[in-house]
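**Student:** prediction below, plus the sequence it came from.
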Amino acid sequence: MTFWRLSSPDPSVCPRCQKVPWQKLTNPKYNEKGPIMMLPESHEQLKSSNCRICRLLADTKTPSLDGKDCELRLTPALYHLCKPKWSTDIRDSSNLIIVSYNPESPIQVSRPGQVFKYGFQRIDPDTVSFQKLQECVLYCHQNHADICTRPTLAPASRFRVIDCNHSKQIVVSAPMACKYAALSYVWGSNPHGILLGNKYSQVVIDAIKVTISMKLRYLWVDRHCINQNDEADKSYQISQMGNIYANAEITIIAAAGTDPTYGLPGISRPRKQQSSEVINGVIILGGLPHPGDQLKESAWASRGWTYQEGFLSPRRLIFTDYEVSYLCDATCLAEHYKIPIDMILESSIYSCQPFMLPQFKDPWSIDEDNISIVHQVIMEYSRRQLGYPADALRAMSGVIQLLELKGIVFIWGVAIYERVPMIYWYHNHPTKRRPNFPSWSFLGWDGPIEVRRYMTRREEVPFKVSLGDRENLIFDINLIAATKLKGLGENAPRYLHLTGFVVDLPLENIQQTEPVQNLGRKIIYHHTAVSVRDTAPCSGVYASLKICPGLRILAKADIDESNFTTCPVVGFLLASSPEPVYLFHESISRADFLLLRHNGTYYERIGYLSWRLKLPLGSTQIYLTYDYRYPVYFIVSDDVSDEITIPDKRPLWLEEAEKKTVVVG
Ligand SMILES: [Zn+2]
Ligand SMILES: [Zn+2]
């Protein structure tokens with residue numbers, strides 16, 4: 001039997017945290033493979049704990065880990081951050097604890113005066129280590145020439161920069177081939193306010209200091225380097241923005257605060273204090289979120305214009321309330337990592353990927369994989385908010401410019417793949433229309449889209465598409481060279497002429513109601529009788545599709561408009577499988593439609609409908625509703641008494657479909 005006595009327990013530490021052998025954990029030779037403690041509590045529970053150690057752990061056990069089994073383990077935390085060839089070195093150098101599932105935000109334990117060669121370090125709230133950042137930039141130039149350059153975008157011409165060495169820091173014409181920093185920041189809720197006067201805002205004053213500290217002379221800031229009052233110059237300079245960011249030596253990202261008055265933490269305002277506690281003579285240093293997670297929380301990451309600024313910049317210095325992180329396309333090094341840049345694992349950039357130029361499949365070709373990366377780019381951009389909805393295309397023009405150089409053609413922001421514009425997307429939630437843009441483009445709507453993934457695999461497309469004005473075709477996509485569409489911007493034709501199957505699709509706005517009484521009735525299909533379950537569709541807008549007399553299905557539609565009212569709608573068949581669609585021809589049947597409404601002159605998109613139905617043949621235990629996003633409901637009409645036989649032929653909705661051309665704007 002073992003006896004032990006706790007030496008006067010600390011009332012601010014819970015028994016669980018008391019029990020941990022903290023002193024032992026700081027010994028580099030101590031080897032404990034099992035969990036140090038279990039952490040079943042949620043972030044909120046830990047945060048409101050009476051125990052100061054538990055509160056510190058809350059910083060690392062973020063809300064995203066709620067409900068997951070987490071535990072503290074003793075691991076050299078750099079094990080998760082370093083290239084494998086360094087890991088033995090790391091194992092000898094520091095003992096750290098991490099919370100499972102969050103190895104990128106470890107907690108460090110040490111004795112006073114104990115120094116690790118590698119590990120994590122406390123952030124000085126007031127001082128940024130520019131030497132370390134300069135080393136990162138140098139390392140990038142020497143080692144990442146193939147990844148972190150934008151050779152496809154020519155250096156910007158005829159642009160202005162702030163001369164940071166000048167006593168008055170005036171704006172000058174950029175000297176030939178000059179090295180410069182660019183600033184990426186949020187203009188704030190009052191974009192006009194910032195145009196008054198020429199005084200530099202706090203973020204610009206701070207960025208000038210950063211530029212000088214990074215041993216650069218010139219700084220580019222849109223507000224000051226673009227003449228906001230000269231429309232011709234403004235539009236020329238905006239067309240150059242892609243080149244300006246792509247060729248900047250560094251881009252300073254102001255990812256703290258919500259407007260230019262906030263400035264850069266670490267320059268004109270202190271950073272947040274890292275949490276730290278002492279227990280039994282051991283210092284516990286709290287973890288910081290990964291730079292990618294810090295960015296995700298920022299106002300900077302929510303804005304439209306900043307998307308291409310981060311995307312096109314080869315090297316970024318990210319200023320948050322926690323620290324300054326270095327991010328290029330090959331490496332991410334947070335300020336709190338005490339680790340040289342050449343040791344860091346390539347996957348350190350993983351959490352930052354939404355903000356970077358994506359890594360396309362190599363060797364480059366326009367194929368499904370690379371097109372689906374383009375869709376990721378578009379989905380991320382569609383999440384962003386714009387002060388002026390009319391900027392929607394301009395604010396991504398640099399992204400388009402770069403991708404067009406890779407041979408991808410865009411029209412109104414929509415990529416064209418195998419001669420079909422990628423109009424296969426939907427809104428998860430209704431949103432608002434942006435009238436400056438065609439309704440078939442995601443730019444025509446102010447809200448995040450999802451692209452139908454399987455659609456990138458080209459099944460047989462049952463329609464033809466051309467571009468034109470309302471009356472006339474201008475381009476037959478099947479005939480023209482893709483280069484003709486390049487760089488058309490807002491001069492591109494804005495109407496799609498779609499030729500294919502058009503179906504009347506009555507929509508029903510169903511609020512949660514009584515179950516549909518299918519009770520006791522059967523569907524006979526392929527000599528198999530199937531009971532129809534009672535169904536109570538959840539609230540939403542449903543399209544009704546006739547299968548055969550007496551039987552229809554209700555499939556939930558994704559409506560684009562938040563102020564949607566039921567109206568006559570047609571569905572344009574975009575894809576179906578198998579083709580032609582025999583509802584029960586095979587075990588899986590599915591179809592995708594653009595939902596269109598006629599506005600008197602042409603059609604406008606109002607939503608998207610895709611349903612998928614699975615019927616395992618030969619089984620008597622068939623679920624008639626099959627869910628992949630939404631269930632499909634079977635409705636038997638009242639005049640059917642007990643059973644209904646589905647004929648082995650095309651469903652009625654397809655029989656009644658009309659093949660014609662619709663003009664969608
Ligand atoms: Zn505790
Ligand atoms: Zn690099």
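**Tutor:** Cool, the structure landed. Ligands and ions are numbered 1, 2, ... in the order given.
**Student:** neighbours around Leu405, how many?
**Tutor:** 15 (other CB atoms under 10 Å). All C-beta spots, glycine's among them, are computed from the backbone N, C-alpha and C.
**Student:** wait, isn't it in contact with Pro151?
**Tutor:** No: because the distance of 9.6 Å does not satisfy CB atoms under 8 Å, Leu405 is recorded as not touching Pro151.
**Student:** who's in contact with the residue in the stretch 201-350 of the chain positioned nearest to ligand 1?
**Tutor:** Ranked by CB to the ion, the top residue of the stretch 201-350 of the chain for proximity to ligand 1 is Ile279, at 9.5 Å. Listed by CB atoms under 8 Å, 6 or more residues apart in numbering, the contact set of Ile279 reads Asp10, Val13, Cys17, Trp22, Ile53.
**Student:** which of those residues come close to ligand 1?
**Tutor:** Among these, the residues that sit close to ligand 1 (CB under 5 Å from the ion) are Cys17, Ile53.
**Student:** flag the least confident of the contacts of Ile279.
**Tutor:** Least confident of the contacts of Ile279 in the model: Asp10, at 84.
**Student:** neighbours around that residue, how many?
**Tutor:** Around Asp10 there are 15 other residues, counting by other CB under 10 Å.
**Student:** and for Thr566?
**Tutor:** 10.
**Student:** leaving out chain neighbours, which residue sits closest to the residue nearest the centre of the chain?
**Tutor:** For the chain, the residue nearest the mean C-alpha position is Glu380 (3.8 Å; CA atoms, centre = their mean). In this structure, Glu380 finds its nearest non-sequential neighbour in Pro354, 5.1 Å apart by CB to CB, 6 or more residues apart in numbering.
**Student:** also Ser110?
**Tutor:** Ile283 (5.3 Å).
**Student:** quick one: the helices in the stretch 251-400 of the chain?
**Tutor:** 291-296, 305-312, 368-382, 397-405 (DSSP state H, counting those that start in this stretch).
**Student:** about what we covered before: any idea of the pLDDT on the residue nearest to Glu380?
**Tutor:** What the model reports as pLDDT for Pro354 is 91.
**Student:** return the residues in contact with it.
**Tutor:** So Pro354 contacts Gly292, Lys296, Ala301, Glu380 (CB under 8 Å, 6+ apart).
**Student:** show me what contacts the residue nearest to the third one when sequence neighbours are not counted?
**Tutor:** Right, Ala301. Counting by CB to CB, 6+ apart, the nearest residue to Ala301 once its immediate chain neighbours are dropped is Leu295, at 5.2 Å. Residues in contact with Leu295 (CB under 8 Å, 6+ apart) are Ile253, Ala255, Ala301, Ile318, Thr320, Cys352, Phe355.
**Student:** neighbour-wise, which of the residues you listed leads?
**Tutor:** Within these, neighbour counts (other CB under 10 Å) peak at Ala255, which reaches 31 neighbours.
**Student:** correct me if wrong: that residue contacts Gln294.
**Tutor:** Yes: using CB under 8 Å, Ala255 is in contact with Gln294, at 6.9 Å.
**Student:** between these two, which contacts overlap?
**Tutor:** Ile318, Thr320.
**Student:** flag every residue of the chain that's near ligand 1.
**Tutor:** So far as CB under 5 Å from the ion goes, the chain lies against ligand 1 at Cys14, Cys17, Cys51, Ile53, Cys54.
**Student:** before we move on, the earlier item: so how far is Leu153 from the residue nearest to the centre of the chain?
**Tutor:** 20 Å (CB to CB, to the nearest Å).
**Student:** now swap in Asp126 and tell me
**Tutor:** Asp126 sits 37 Å away from Leu153, taking CB to CB as the criterion.
**Student:** now do Gly607
**Tutor:** For Gly607, the distance to Leu153 equals 37 Å [CB to CB].
**Student:** who has more neighbours, the two?
**Tutor:** Between Gly607 and Leu153, Gly607 has the larger neighbour count (other CB under 10 Å), namely 24 against 18.
**Student:** in a strand, the more buried one, correct?
**Tutor:** Yes: according to DSSP: H, G, I helix; E, B strand; the rest coil, Gly607 belongs to a strand.
**Student:** quick one: it and Ala555 touch, right?
**Tutor:** No: applying CB under 8 Å, one finds Gly607 not in contact with Ala555, separated by 11.7 Å.
**Student:** how is the chain divided into domains?
**Tutor:** Domain segmentation of the chain under automatic domain parsing yields 15-120, 130-355, 368-486, 503-664.
**Student:** closest to ligand 2 out of the ones you listed?
**Tutor:** Nearest to ligand 2, of all these, is domain 130-355, at 3.0 Å by CB to the ion.
**Student:** report whether the closest one contacts ligand 2.
**Tutor:** Yes: applying CB under 5 Å from the ion, one finds domain 130-355 touching ligand 2 at Cys140, His144, Cys148, Cys328, Ala330.
**Student:** partners of the fourth one in the sheet?
**Tutor:** Think Cys328. Arg315 (DSSP bridges).
**Student:** count the neighbours of it for me.
**Tutor:** Residues near Cys328, counting by other CB under 10 Å: 25.
**Student:** looking at this, Gln18 is in a helix?
**Tutor:** Yes: judged by three-state DSSP, Gln18 forms part of a helix.
**Student:** that one contacts Pro9, correct?
**Tutor:** Yes: if you go by CB under 8 Å, Gln18 and Pro9 touch, sitting 5.9 Å apart.
**Student:** how about stretch 176-191: buried residues?
**Tutor:** In terms of neighbour count (16 or more other CB atoms under 10 Å), stretch 176-191 has its buried residues at Cys178, Tyr180, Ala181, Ala182, Leu183, Ser184, Tyr185, Val186, Trp187, Gly188.
**Student:** which strands or helices does the host helix or strand of Ile474 pack on?
**Tutor:** Using DSSP states H and E, the element containing Ile474 is strand 473-476. Packing partners of strand 473-476 (3 or more CB pairs under 8 Å, 6 or more residues apart in numbering; DSSP states H and E): strand 464-468.
**Student:** how about the contacts made by the residue nearest to Ser110?
**Tutor:** Contacts here follow CB under 8 Å, 6+ apart; on that basis Ile283 touches Val109, Ser110, Arg111, Pro112, Ser276, Glu277.
**Student:** just Gln114 next, same as before
**Tutor:** Thr26.
**Student:** and His427, how many residues sit next to it?
**Tutor:** Using other CB under 10 Å: His427 sits among 21 other residues.
**Student:** I figured it hits Asp558, correct?
**Tutor:** Yes: His427 lies in contact with Asp558 (CB under 8 Å); the separation is 5.8 Å.
**Student:** find residues that contact each of the two.
**Tutor:** Residues touching both His427 and Asp558 (CB under 8 Å, 6+ apart) are Gly607, Tyr608.
**Student:** for the residue nearest to Ala301, give me the pLDDT.
**Tutor:** On the pLDDT scale, Leu295 is placed at 94.
**Student:** who's Ala543 bridged to?
**Tutor:** The partner residues for Ala543, given DSSP bridges, come to Leu507, Ala555.
**Student:** so what's it up against?
**Tutor:** Residues counted as contacts of Ala543 (CB under 8 Å, 6+ apart) are Leu505, Pro506, Leu507, Glu508, Leu554, Ala555, Ala557, Val569, Gly571, Phe593, Leu595, Leu609.
**Student:** and the gap between the second one and ligand 1?
**Tutor:** Here the criterion is CB to the ion, to the nearest Å. By it, Pro506 lies 60 Å from ligand 1.
**Student:** for the residue nearest to that residue when sequence neighbours are not counted, give me its contacts.
**Tutor:** Take Pro506 and drop its neighbours on the chain: the residue closest to it by CB to CB, 6+ apart is Ser544, 5.1 Å away. Taking CB under 8 Å, 6+ apart as the criterion, Ser544 is in contact with Leu505, Pro506, Leu507, Glu508, Arg552, Ile553, Leu554, Ile635.
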